[in-house]
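>>> give me the fold of what follows.
(one chain, ligands or ions: 1)
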Amino acid sequence: MGTPNIVYRDVVDSTNRVAHCLAGQGYPGGTTVLAEMQTAGRGRHGRSWNSSPGKGLWFSLLLRPPRTLVPAGAAALTLAVAATAAGALTAETGVPLHVKWPNDLQADGRKVAGILTEMKAEPDRIDYIIVGIGINVNQARADFPPELRDRAGSLRLAAGHSFDRPPLFLALRKTTLDACLLYFEQGFVPFHQTWKDINITLGRPVRVFRPGGYLDGTALDLDPDGALLLRDRRGRLHRLRSGELD
Ligand code: BTN
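Residues are numbered from 1 along each chain as shown. Just a heads-up that it's a prediction; the model follows:
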């Protein structure tokens, strides 16, 4: 991937959107867009992502995978990045982080970070991938809008003190970029056990929201290719690649 560029902006609408623009301009794989503030941070399923200025880390990695990786093969990249980022954050801060399928990082039952993976692709060929990572670092409870206060957390809330963000960013950028390269070479297999070791999804009753409805059941296992195995209330098994848990 060469030497990764870091493109820093004080304010952007969304680092993912800026990364898409840079991809169109030919920036190389490894380019990282970092912003102090996002005015229209994007979350999964068309939701917005609260990105208060000066408190978190909001960045996007531009990835140019090898031609051998087809769109379906990228399905578990988000899980690989989630497991890697959780491990790196725990190592850097001492805060135990857990992964909740498919893309949440949680501490003390509250969401501390999320990952939004987007790509430009044709059915058989990926042009590029953007992995957007949002980490709540130094927010106090009052920094979150009232509707998020019950569910959102930060590293500061979990640890009881604040953190210096630049070293955290540099560590996270390196470990997640390295993880993406490993994923491009070997798929999800090297991340499978790590994800299972720190997950808070398996063995629990879950409600999975999918387009057009939801499914209640028990999360049984995670396949080596990243699919969630769920047994519904009638005993039927489902292999899920995407969705949203309650
Ligand atoms: C989610 O959990 O819904 C995913 C949230 C992803 C947020 C990050 S912040 C940096 C990057 N830029 C965006 O607009 N979104 C991602």
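>>> give me the element the residue in the chain that the ligand sits nearest to is part of.
At 2.2 Å from the ligand, residue 114 is the closest residue in the chain, using CB to the nearest ligand atom. Where you see a C-beta, it was placed from the backbone N, CA and C, and this is true even at glycine. Using DSSP states H and E, the secondary-structure element containing residue 114 is strand 110-122.
>>> helices or strands up against that strand?
helix 15-24, helix 77-93, strand 104-107, strand 125-136, helix 155-159 (3 or more CB pairs under 8 Å, 6 or more residues apart in numbering; DSSP states H and E).
>>> just send the ones you listed back as CSV, with mean pLDDT too.
Written out in CSV, the entries for these read as follows (pLDDT from 0 to 100):
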stretch, mean pLDDT
helix 15-24, 98
helix 77-93, 98
strand 104-107, 97
strand 125-136, 98
helix 155-159, 98
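>>> right, so of the ones you listed, which gets closest to residue 192?
Relative to residue 192, the nearest member of the helices and strands packed on strand 110-122 by CB to CB is helix 77-93, separated by 8.7 Å.
>>> what angle sits between that closest one and strand 110-122?
An angle of 140 degrees separates the directions of helix 77-93 and strand 110-122 when computed by axes from the mean of the first three to the mean of the last three CA atoms, to 10 degrees.
>>> now the angle between strand 125-136 and helix 77-93, please.
30 degrees.
>>> would you mind listing the buried residues in stretch 117-136?
Burial within stretch 117-136, assessed by neighbour count using 16 or more other CB atoms under 10 Å, is assigned to 117-119, 121, 126, 128-136.
>>> please apply the same query to stretch 31-39.
The neighbour-count check on stretch 31-39 (16+ other CB under 10 Å) flags 31, 32, 33, 34, 35, 36, 37, 38 as buried.
>>> how about the residues of the chain that lie near the ligand?
Residues of the chain found near the ligand, taking CB under 6 Å from any ligand atom as the criterion, are 14-16, 38, 41-44, 47, 49, 58-60, 103, 114-116, 132-134.
>>> correct me if wrong: residue 105 contacts residue 93.
No: with contact defined as CB atoms under 8 Å, residue 105 does not reach residue 93; the gap is 11.7 Å.
>>> got the buried residues of stretch 31-39 as TSV, with secondary structure columns?
Putting the buried residues of stretch 31-39 into TSV (DSSP: H, G, I helix; E, B strand; the rest coil) gives the following:
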residue	secondary structure
31	coil
32	strand
33	strand
34	strand
35	strand
36	strand
37	strand
38	strand
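>>> how distant is the helix-or-strand element of the chain with minimal mean pLDDT from the center of its chain?
Of all helical and strand segments in the chain, the minimum by mean pLDDT, DSSP states H and E falls on strand 244-245, at a mean of 74. When distances are taken as CA atoms, centre = their mean, to the nearest Å, strand 244-245 is centred 14 Å away from the chain's centroid.
>>> what does stretch 175-192 give?
14 Å.
>>> okay, it in CSV with CA atoms only?
Coordinates of the C-alpha atoms in stretch 175-192 are reproduced here as CSV (Å, rounded to 0.1, in the frame of the first residue of the first chain):
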residue,chain,number,x,y,z
THR,A,175,-3.2,-1.6,13.7
THR,A,176,-6.4,-1.3,11.7
LEU,A,177,-4.5,-0.7,8.4
ASP,A,178,-2.3,-3.7,9.2
ALA,A,179,-5.5,-5.7,9.9
CYS,A,180,-7.0,-4.8,6.6
LEU,A,181,-3.9,-5.9,4.8
LEU,A,182,-3.9,-9.3,6.6
TYR,A,183,-7.6,-9.6,5.8
PHE,A,184,-6.9,-9.1,2.1
GLU,A,185,-4.3,-11.9,2.3
GLN,A,186,-6.0,-14.4,4.5
GLY,A,187,-9.7,-13.4,5.0
PHE,A,188,-11.5,-13.5,8.3
VAL,A,189,-9.9,-16.7,9.6
PRO,A,190,-7.0,-14.9,11.5
PHE,A,191,-9.5,-12.7,13.3
HIS,A,192,-12.2,-15.3,14.1
